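>>> structural data only, the sequence is not supplied:
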């Protein structure tokens, strides 16, 4: 009888143990993540600098590579020379110096300048007498008092000196000497050479005491207020390029900082032997002009055939042997993120974004866009 009781007690205990074990296993199974689920605590999420995001529309385009330089239009450059040579009396310029339009760049002196002013004043003085004589002979000739010969001579003398007078006045203006302000008590011994444009001095080719000839460039000035891009592309790509397309460019020694521009003019001539065509572009933000200097070499991409597609940051898409995957947030409970690993179909990639071909499947879902690489296997 005792043996039967012992067997019954053992049987009950075994049944209870089996029931508890089954319950614990069921609870563990319920708490364990599904095969395609990943659980991340809020602390892990923050310490690993993970980020959530959504599928957004991004621009994708074909890129045509180009090289070129920063430049300015011809009207923003000036090589300063003189019409009449002279000795440099004074020059106080340095390359890189800012000058305003009309400012004195340097002064020249030459005895010929004095002689030119003297000739002008002499012609002016003679002109008053010859004009009066011409008018007198003209009147007498009309009244048949004076001979035609005297009238014609007076006319010839007057217009000859008038022509000399006007020509000398123009020459003086080329010397920046105002003939209207000239008189015998005010004859300039030197001339001031003015800046034809405002900008920065890029070259100074003269020194004090040097004789400057008319065919020599004394000073070069460039105005950087309107910098532009001068690019070259191969002729095979020219049919794809249109006015208004975006340009991304950078300086050769900087791989990270890109600047933006727009195609403004497309050249109509092919240059041999490289078989290239010139593209003229403008900066999108001219406030950045101060960061560039005319003549700087640049590397550029012209964006053609731009279209918008649903996309994710490329870091959000992880490629494994079986395909491409992303982590979609399923829920956030008990201070834990639960992600589901989902397969995606991808298309184009550029500028850090990858096109998602089956984007409709995910709608407005939140996706792990930073930190997915180490979680997907």
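All right, it came through fine. In this text, all values refer to a predicted model and were calculated from it rather than measured experimentally. Numbers count the residues shown, from 1 in each chain.
>>> how does this protein divide into domains?
61-74+224-306, 75-222 (automatic domain parsing).
>>> and the shortest one, end to end?
End-to-end distance of domain 61-74+224-306: 4 Å, with CA to CA, to the nearest Å as the criterion.
>>> what comes into contact with stretch 161-168?
116, 119, 120, 123, 124, 126, 127, 130, 131, 179 (CB atoms under 8 Å, 6 or more residues apart in numbering). Yep, even glycine has a C-beta here, placed from its N, CA and C like the rest.
>>> repeat that for stretch 91-101.
105-107, 195-204, 206-208, 219, 221.
>>> drop anything exposed from these.
For the contacts of stretch 91-101, a burial check counting by 16 or more other CB atoms under 10 Å picks out 105-107, 195, 197-202, 204, 206, 219, 221.
>>> in stretch 245-254, what's buried?
Using 16+ other CB under 10 Å as the test for burial, stretch 245-254 gives 245, 246, 247, 248, 249, 251.
>>> which of those residues fall in helices?
Among those, no residue falls in helices (DSSP state H).
>>> return the closest of the residues you listed with respect to residue 112.
residue 251 (49.0 Å; CB to CB).
>>> let me know the secondary structure of the nearest residue to residue 179 once chain neighbours are set aside.
Of all residues beyond its chain neighbours, the one nearest residue 179 is residue 169 (4.3 Å), with distances taken as CB to CB, 6 or more residues apart in numbering. Three-state call for residue 169 (DSSP: H, G, I helix; E, B strand; the rest coil): helix.
>>> and for residue 156?
helix.
>>> contacting residues for it?
With CB under 8 Å, 6+ apart, residue 156 has no contacts at all.
>>> need the pLDDT of it.
Residue 156 carries a pLDDT value of 92.
>>> so it versus residue 168, what's the distance?
As defined by CB to CB, to the nearest Å, residue 156 lies at a distance of 19 Å from residue 168.
>>> report the beta-bridge partner residues of the residue most central in space within the chain.
For the chain, the residue nearest the mean C-alpha position is residue 283 (3.4 Å; CA atoms, centre = their mean). Under DSSP bridges, the beta-bridge partners of residue 283 are residue 261.
>>> please renumber so the chain begins at 18
Fine by me, first position is 18 from now on; the one you just mentioned is residue 300.
>>> shouldn't it be in contact with residue 306?
Yes: shown here, residue 300 and residue 306 form a contact pair, counting by CB atoms under 8 Å, at 6.7 Å.
>>> please identify every residue contacting each of those two.
In contact with both residue 300 and residue 306: residue 244, using CB under 8 Å, 6+ apart.
>>> so residue 248 is in contact with residue 298, correct?
Yes: the criterion here is CB under 8 Å, and residue 248 meets it with residue 298 at 6.3 Å.
>>> can you list residues touching both of the two?
264, 317.
>>> circling back to that earlier point, and the gap between the residue nearest to residue 196 and residue 138?
11 Å.
>>> hmm, which helix or strand of this structure has the shakiest average pLDDT?
helix 19-48 (a mean of 43; mean pLDDT, DSSP states H and E).
>>> helix or strand for residue 140, which one?
helix 128-159 (DSSP states H and E).
>>> show me what that helix is packed against.
helix 165-191 (3 or more CB pairs under 8 Å, 6 or more residues apart in numbering; DSSP states H and E).
>>> distance from the chain centre to the next helix or strand along the chain from the helix it packs on, please.
Following helix 165-191 in sequence order, the next helix or strand is strand 207-211 (DSSP H and E). Taking CA atoms, centre = their mean, to the nearest Å, one finds the center of strand 207-211 at 36 Å from the center of the full chain.
>>> what's strand 207-211 in contact with?
97, 99, 103, 106, 119-126, 130, 192-194, 235.
>>> residue ranges of the strands in the stretch 268-394 of the chain, please?
Secondary structure of the stretch 268-394 of the chain by DSSP state E, counting those that start in this stretch: the strands cover 276-283, 293-300, 314-330, 335-337, 340-350, 353-361, 363-367, 370-373, 384-387.
>>> ranking those strands by burial, who's on top?
With neighbours taken as mean count of other CB atoms under 10 Å, those reach their highest mean count in strand 370-373, at a mean of 22.
>>> adjacent strands (with direction) for that strand?
strand 314-330 (antiparallel), strand 363-367 (antiparallel).
>>> how much space between the closest residue to residue 205 other than its chain neighbours and residue 241?
Nearest non-adjacent residue to residue 205, counting by CB to CB, 6+ apart: residue 194, 5.6 Å away. Noted for residue 194: a distance of 32 Å to residue 241, by CB to CB.
>>> if you count surrounding residues, which of those two has more?
A side-by-side neighbour count of residue 194 and residue 241, using other CB atoms under 10 Å, places residue 194 first with 20 against 15.
>>> now for the more buried one: which residues touch it?
130, 134, 205, 208.
>>> ok, so of these, who is nearest residue 350?
Among the contacts of residue 194, and counting by CB to CB, the member closest to residue 350 is residue 208, at 87.8 Å.
>>> tally of neighbours for that closest one?
21.
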